[in-house]
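*Asks:* I need the structure of the sequence given here:
(2 chains)
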Amino acid sequence: MPILLPPRHSWDSFPEVVLHSEINVVKQHPMYAAAKSGDSDAALQLVRDTLSSKALDALRAFADLSNPVLMPVHALEDTGVNAIPFALAEELASRLQWRVETTVVQANLVGHTGASGFHRLANQAYFQGSVTAGSNYVLVDDFVGQGGTLANLRGHLLTGGAGVVGATVLTGKLHSVKLALLPETLADLRSKHGQELEAWWHARFGHAFDGLTESEARYLFRTPNADRVRDRIVTAEHG
Amino acid sequence: MLTESEIELLRQSMVEIAARYEAQRERAAK
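*Replies:* Below you'll find the predicted structure:
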């Protein structure tokens, strides 16, 4: 099977992901498992119970710059269609008077839930669907970990001629809200692992290190050497 | 990779949930 190469774009300035709630609050909510498995009513209840007014205020700032359209990560996962991102998008649309786009879906199964960082890097989300050129999108997902899924959805939208002004998730790791790769992190990564690994990465994933998220780059930087990176990616591809 | 029909079903599921939520909002507004 050919390896999919989701488009990535370098980051310029991209705002921090707007986070609504803590991980344990979301994952211990009685509706979480049903919502994650496709129950749209459970998803809406979960979202309404965990949405943050502070986060809503942060999102309103995007409307000062553009006329934002919400773009959820709508994906089939191991236990069914994850209903949370779309429920979050719909609830935000209702409260902010924004529109939700229903044209783009994740076109592959990635098995990210509970997976290792290398599994996530090796098995990336790939998106399909029409994009309205000139629109300004806000990405919506249930969780941000390394940020690769959001980066790939952004890449799909930018490739289609749209803009992406921000992202929001119900929950996630606090250190992952910075998607945009810092110049010093990129320099550290290049210094540690060298041009050969970056060339391999480009051939494998279709983008250079500058397309990585900050969390992805830091994860790779923490890996002892370039051979280990390659080995772990190849193993995770077949795992 | 999902098949084209699976992708279309996935897309359709989003449209159906949107309609369901809209109907709920209309009922709540009455």
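*Asks:* residues of stretch A:109-125 that come out buried?
*Replies:* Going by neighbour count (16 or more other CB atoms under 10 Å in any protein chain shown), the buried part of stretch A:109-125 is A:110, A:112, A:115, A:117-125. Where you see a C-beta, it was placed from the backbone N, CA and C, and this is true even at glycine.
*Asks:* CA atoms of it as PDB?
*Replies:* Extracted in PDB, the C-alpha atoms of stretch A:109-125 (Å, rounded to 0.1, in the frame of the first residue of the first chain):
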ATOM      1  CA  LEU A 109      -7.400   4.900  10.500                       C
ATOM      2  CA  VAL A 110      -4.500   5.900  12.600                       C
ATOM      3  CA  GLY A 111      -4.900   4.200  16.000                       C
ATOM      4  CA  HIS A 112      -3.500   7.100  17.900                       C
ATOM      5  CA  THR A 113      -5.500   6.700  21.100                       C
ATOM      6  CA  GLY A 114      -3.100   5.600  23.800                       C
ATOM      7  CA  ALA A 115      -0.300   5.000  21.200                       C
ATOM      8  CA  SER A 116       3.400   5.900  21.500                       C
ATOM      9  CA  GLY A 117       4.800   9.100  20.100                       C
ATOM     10  CA  PHE A 118       6.600   7.200  17.300                       C
ATOM     11  CA  HIS A 119       3.400   5.400  16.400                       C
ATOM     12  CA  ARG A 120       1.700   8.800  16.100                       C
ATOM     13  CA  LEU A 121       4.500  10.100  13.900                       C
ATOM     14  CA  ALA A 122       4.600   7.000  11.700                       C
ATOM     15  CA  ASN A 123       0.900   6.700  11.200                       C
ATOM     16  CA  GLN A 124      -0.400  10.200  10.500                       C
ATOM     17  CA  ALA A 125      -3.900  11.400   9.800                       C
END
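*Asks:* how about the lengthiest helix in chain A: buried residues?
*Replies:* Taking DSSP state H as the criterion, chain A has its longest helix at helix A:183-205. By 16+ other CB under 10 Å, the buried positions in helix A:183-205 come out as A:185-186, A:189-190, A:193, A:197-198, A:201, A:204-205.
*Asks:* just the ones of the buried residues of stretch A:109-125 in helices?
*Replies:* Reading helices off those with DSSP H, I get A:117-122.
*Asks:* go through those and name the one nearest B:Arg11.
*Replies:* A:Arg120 (24.1 Å; CB to CB).
*Asks:* doesn't A:Val138 fall inside a strand?
*Replies:* Yes. Counting by DSSP: H, G, I helix; E, B strand; the rest coil, A:Val138 is found in a strand.
*Asks:* what's across from it in the sheet?
*Replies:* The partner list for A:Val138 in beta bridges (DSSP bridges) reads A:Leu70, A:Gly166.
*Asks:* distance check, it against chain B.
*Replies:* A:Val138 is 16 Å from chain B, where distance means CB to the nearest CB, to the nearest Å.
*Asks:* same question, A:Ala199
*Replies:* Going from A:Ala199 to chain B by CB to the nearest CB gives 26 Å.
*Asks:* against A:His207, how distant is that residue?
*Replies:* Using CB to CB, to the nearest Å, A:Ala199 is found at 12 Å from A:His207.
*Asks:* cool, A:Val140 as well?
*Replies:* 23 Å.
*Asks:* now do A:Ala107
*Replies:* With distances taken as CB to CB, A:Ala107 is found 18 Å from A:His207.
*Asks:* give me the more crowded residue out of these two.
*Replies:* For A:Ala107 versus A:His207, neighbours defined as other CB atoms under 10 Å in any protein chain shown are more numerous around A:Ala107 (23 against 19).
*Asks:* no more questions from me, cheers.
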